[in-house]
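# Here is a sequence with its predicted model. Questions after.
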Amino acid sequence: MRRGALSRKPVCSHAALLSLVLLLAGCTVGPDYAPDAAPIPTKFKELKGWKVASPSDQIDRGDWWYFYHDPKLAFLIKQVEISNQTVAAAAAAYEQARAVIREAQAALFPVVTANYNFTRAFTGPKASGGGISTTSGGAFAGRGTGRGIYTTTYTPAFNGSWDLDVWGKVRRQIESNTSAAQASAADLDNAKLSAQAQLATAYFNLRAADSLRDLLDRAVKDDKETLRITQDKYNAGYCPSPGGTNCISRAELRAAQALVWNAEAQAINVGVQRAQFEHAIAMLAGRPPAELTIERNLLTGSIPKIPVAMPSALLERRPDIAAAERTMQEQNALIGVAVAGYFPDISLSGVLQWIGTHPLPFNVANAVWSLGAAGAQPLFNGGLTAAQVDAARAVYWQSVANYRQTVLTAFQQVEDQLAAIRILKQQLGAQQAAAKAARDAVGVFLNQYRAGTVDFTTVVTAQLTALSDEEAELTVRQDLFLASVSLIEALGGGWDTNLLPTQSELVKDFSLLQQY
């Protein structure tokens, strides 16, 4: 009975020690994270006069490009997520962030290593005690009298060490890395949205170039008609009255020819811009420019009704805001990592090995084991720990400022595009009226020029005015489409914070960490 009682005592001590360790492991130093308040207005300044539109039920909010009802645009934008290399780099960065979480999680568990040592030793005759062996056999028998002794030792061993996360340093690091992974996921979605918006912008610029080419082709046609009339009059020696000043001169004929050539040159030059926009689209879609050809089409129609939520919802709709907020938690957790430097590091270690003269000496009689615990408390390090804590707090406040600035920038971008769309719609209406009036004037003056009631200069001036007004109308329409894309991007597209992986999902393989 006494032996049994003595054998249970160490077990009870070990159990108590383990219970104490597990109890202490629930402690985490450093501040717990609480999101910092962001400057949020109650309403958009430019939302007055706007009708808050709702998206079609059959359209996924994430596929915002379907609002434009352009199948070619939809096809090209879908390629961004598949083969855009900037997005691919962001995706790789996210996978790296997930791997870093697993690296930090590994520090919660003990490290076990296995060793297998083989030693062959020789002891000379005199070193063994006189040169004559009296051992008749066994593992340490000499190979002959006076020739020394050969010995062979096999030592397999298992070594283990465990740094106990008593103060939560490792868990704070895991919390930081998990928040960083969430920020990386938001950066990935922001890269997608940015590339998609850039492609849509290039696409509408390309369509505007097609429309400009069509406009200049029509101008060439009109100028050629003017040149034909002028040429006929010049060949006929047309003069309203003998000796008058309104006769068709060679200079006017050459001026009419110059108008045609100038319009043709402008139409040809549009091809440079169009090619560059097409190349940009190919690059954003992750394809070489040689593999993408987009047929000509005009920029027509009107921009879609864009859903605009209340300002507070913008924080849930912008991936860059979500990334900035997750970065705050990342830096807040690192404060706890630094604070843990004030407390002692506690670790356990153990060794289990066998020593024998055979290759597999796994026998209880050959076993040697040891267990140990160690604690290291920093007593003086010249203020290093305090400096590290102050630096961590400073980085955290930097992330807070960056978060607030990101929020303010988001509201500015939304307000800018709301104002741009409102004003551009008004300008487009006025510009369309001006272009129509100028085009009607060209028709009237051209008929009068045929009849000889107005001179050549009047017709040319009217044609140049009409072309300028039509180009201005096209520019306003182009700016309106670009502003609509910028507004959708500023609103976060169809993105939502629910698309971010949760911290529990990122550490789901470790049931002990579900509290995070």
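Arrived safely, thanks for sending.
# in stretch 166-182, what counts as buried?
166-182 (16 or more other C-beta atoms under 10 Å). For glycine as for every other residue, the C-beta is placed from the backbone atoms N, C-alpha and C.
# Now do residue 394, the pLDDT please.
Listed pLDDT for residue 394 reads 98.
# Please, which helix or strand holds it?
Using DSSP states H and E, residue 394 falls within helix 384-451.
# Do you have the helices of the stretch 1-150 of the chain handy? List them.
2-24, 71-83, 85-106 (DSSP state H, counting those that start in this stretch).
# Mean pLDDT lowest where, among the ones you listed?
Among the helices of the stretch 1-150 of the chain, helix 2-24 carries the lowest mean pLDDT, at a mean of 43.
# Can you list the residue ranges for strands in the stretch 151-300 of the chain?
In the stretch 151-300 of the chain, no segments count as strands under DSSP state E, counting those that start in this stretch.
# so where's it shaky on pLDDT?
Residue ranges of the stretch 151-300 of the chain with pLDDT under 70: 238-246.
# Show me where it has its helices.
Taking DSSP H, counting those that start in this stretch as the test, the helices found in the stretch 151-300 of the chain are 169-235, 250-284.
# Mean confidence (pLDDT) on the helix or strand following the last one, please.
What it means is helix 250-284. Sequence-wise, the next helix or strand downstream of helix 250-284 (DSSP H and E) is helix 314-317. Taken as a whole, helix 314-317 has a mean pLDDT of 86.
# Just the buried residues of helix 314-317, please?
Those would be 314, 315, 317, for helix 314-317 by 16+ other C-beta under 10 Å.
# same question, stretch 335-352
Under the neighbour-count criterion of 16+ other C-beta under 10 Å, stretch 335-352 has 335-341, 343, 345-350 buried.
# swap in stretch 276-285?
With burial defined by 16+ other C-beta under 10 Å, the residues of stretch 276-285 counted as buried are 277, 278, 280, 281, 282, 283, 284, 285.
# Not counting its own residues, what contacts that stretch?
Residues outside stretch 276-285 that contact it (C-beta atoms under 8 Å, 6 or more residues apart in numbering) are 76, 79-80, 83-84, 195, 198-199, 202-203, 205-206, 209, 288-289, 291-294.
# chain center to the helix holding residue 394: distance?
Put simply, helix 384-451 sits 22 Å off its chain's centre (C-alpha atoms, centre = their mean, to the nearest Å).
# Which strands or helices does the next helix or strand after it pack on?
Moving toward the C-terminus from helix 384-451, the next helix or strand (DSSP H and E) is helix 456-490. With contacts taken as 3 or more C-beta pairs under 8 Å, 6 or more residues apart in numbering; DSSP states H and E, helix 456-490 sits against helix 169-235, helix 250-284, helix 384-451.
# Which entries within the contacts of stretch 276-285 meet the buried criterion?
Applying 16+ other C-beta under 10 Å to the contacts of stretch 276-285, the neighbour count classes 76, 79-80, 84, 195, 198-199, 202-203, 205-206, 209, 294 as buried.
# Which pair in the residues you listed has the greatest spatial separation?
In the buried ones among the contacts of stretch 276-285, two members sit farther apart than any others by C-beta to C-beta. They are 84 and 209, at 22.6 Å.
# Enumerate the beta-bridge partners assigned to the spatially closest residue to residue 111 that is not a sequence neighbour.
Excluding the flanking residues, the one nearest residue 111 by C-beta to C-beta, 6 or more residues apart in numbering is residue 161, at 5.3 Å. Beta-bridge partners recorded for residue 161 (DSSP bridges): residue 111, residue 349.
# where are the low-confidence patches of the stretch 401-516 of the chain?
In the stretch 401-516 of the chain, residues with pLDDT under 70: 508-516.
# Please name the residues that touch the closest residue to residue 486 other than its chain neighbours.
Leaving aside its sequence neighbours, residue 486 sits nearest to residue 417 (C-beta to C-beta, 6+ apart; 4.8 Å). The contact partners of residue 417, by C-beta under 8 Å, 6+ apart, come to 483, 484, 486, 487, 490.
# Looking at those residues, which is nearest residue 409?
residue 490 (9.3 Å).
# Contacts only, for the closest one.
Counted by C-beta under 8 Å, 6+ apart, residue 490 has contacts 318, 410, 413, 414, 416, 417.
# measure it to residue 152 for me?
77 Å (C-beta to C-beta, to the nearest Å).
# wait, what's in contact with the closest residue to residue 213 other than its chain neighbours?
Computed as C-beta to C-beta, 6+ apart, the closest residue to residue 213 that is not its neighbour in sequence is residue 270, at 4.5 Å. By C-beta under 8 Å, 6+ apart, the contact set of residue 270 is 209, 212, 213, 216.
# Just put those in CSV and tack on distance to residue 394.
Formatted as CSV, those follow (distance: C-beta to C-beta, whole Å):
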residue, distance to residue 394
209, 50
212, 53
213, 56
216, 59
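# Those residues: which two are farthest apart?
Largest separation among the contacts of residue 270 by C-beta to C-beta: 209 and 216, giving 10.5 Å.
# Of all the helices of the stretch 151-300 of the chain, which one is nearest residue 102?
The minimum distance between residue 102 and these falls on helix 169-235, with 9.0 Å, by C-beta to C-beta.
# Packing partners of the closest one?
If you count contacts as 3+ C-beta pairs under 8 Å, 6+ apart, helix 169-235 packs onto helix 71-83, helix 85-106, helix 250-284, helix 319-339, helix 384-451, helix 456-490, helix 503-506.
# and those, which is most packed in?
Of all those, helix 319-339 has the most neighbours on average by mean count of other C-beta atoms under 10 Å, namely a mean of 24.
# what angle do that one and helix 384-451 make?
Between helix 319-339 and helix 384-451, the angle comes out at 170 degrees (axes from the mean of the first three to the mean of the last three C-alpha atoms, to 10 degrees).
# Please save the CA atoms from helix 319-339 in CSV.
Extracted C-alpha coordinates of helix 319-339, given in CSV (Å, rounded to 0.1, in the frame of the first residue of the first chain):
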residue,chain,number,x,y,z
PRO,A,319,-13.4,46.4,-49.8
ASP,A,320,-10.7,49.1,-49.2
ILE,A,321,-12.5,50.3,-46.1
ALA,A,322,-12.9,46.7,-44.9
ALA,A,323,-9.1,46.2,-45.5
ALA,A,324,-8.3,49.3,-43.5
GLU,A,325,-10.5,48.2,-40.6
ARG,A,326,-9.0,44.8,-40.5
THR,A,327,-5.6,46.3,-40.5
MET,A,328,-6.6,48.2,-37.3
GLN,A,329,-7.3,44.9,-35.6
GLU,A,330,-4.1,43.4,-36.9
GLN,A,331,-2.0,46.3,-35.4
ASN,A,332,-4.1,46.2,-32.2
ALA,A,333,-3.2,42.6,-31.6
LEU,A,334,0.5,43.3,-32.1
ILE,A,335,0.3,45.6,-29.1
GLY,A,336,-0.5,42.5,-27.1
VAL,A,337,2.4,40.7,-28.6
ALA,A,338,4.7,43.5,-27.5
VAL,A,339,3.2,43.7,-24.0
